[in-house]
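# Okay, here's the prediction I keep looking at, along with the sequence it came from:
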Amino acid sequence: MIEGLKYLSEVPGQEKHDWNEHIWVSKAFEHIVKNFNRIKRKDFLSMYYLMKKLNCKHSEFWKKTYSIIEENLYELYPSEFEKFFLRYYKVSDEYFSK
């Protein structure tokens, strides 16, 4: 399923669609949230970028993801830290202000 989402994220023009409303993709998002604890620690940042690219709006996913990444910031390469830090503060206000 993750490979399918990765492929979808690479399709030209995919960013024009609201995948949160698509019946299959939204179910895939729900499945990822339900099985969140199965995501390996080293894969969280990749999952973060994938879900950002697909414009996932599932607040529970983002809260869990930010929590895990914050706990493991010291393991990030400087370039990854910079990308995450800049994006985190733009998104965190939107998802955590509710």
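Done, it's in.
# Can you find the helix or strand in the chain with the smallest mean pLDDT?
helix 78-96 (a mean of 64; mean pLDDT, DSSP states H and E).
# Remind me which helix or strand the nearest residue in space to Ile68 that is not next to it in sequence belongs to.
Excluding its sequence neighbours, the residue lying closest to Ile68 (C-beta to C-beta, 6 or more residues apart in numbering) is Phe44, at 5.1 Å. Heads up, the C-betas are built off the backbone N, CA and C, glycines and all. In this assignment (DSSP states H and E), Phe44 forms part of helix 44-53.
# for stretch 16-25, which positions count as buried?
Trp19, Val25 (16 or more other C-beta atoms under 10 Å).
# Run the chain-centre distance for that stretch.
15 Å (C-alpha atoms, centre = their mean, to the nearest Å).
# avg pLDDT for that stretch?
Per-region confidence: stretch 16-25 scores 91 on mean pLDDT.
# what does that stretch contact?
Leu5, Leu8, Ser26, Phe29, Leu54, Asn55, Cys56, Lys57, His58 (C-beta atoms under 8 Å, 6 or more residues apart in numbering).
# gap between the two ends of it?
By C-alpha to C-alpha, to the nearest Å, the extent of stretch 16-25 from end to end equals 14 Å.
# follow-up on the earlier one: for the contacts of stretch 16-25, give me CSV that also has distance to Glu70 and secondary structure.
Shown next, in CSV, are the contacts of stretch 16-25 (distance: C-beta to C-beta, whole Å; DSSP: H, G, I helix; E, B strand; the rest coil):
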residue, distance to Glu70, secondary structure
Leu5, 24, helix
Leu8, 28, helix
Ser26, 27, helix
Phe29, 22, helix
Leu54, 22, coil
Asn55, 22, coil
Cys56, 19, coil
Lys57, 20, coil
His58, 18, coil
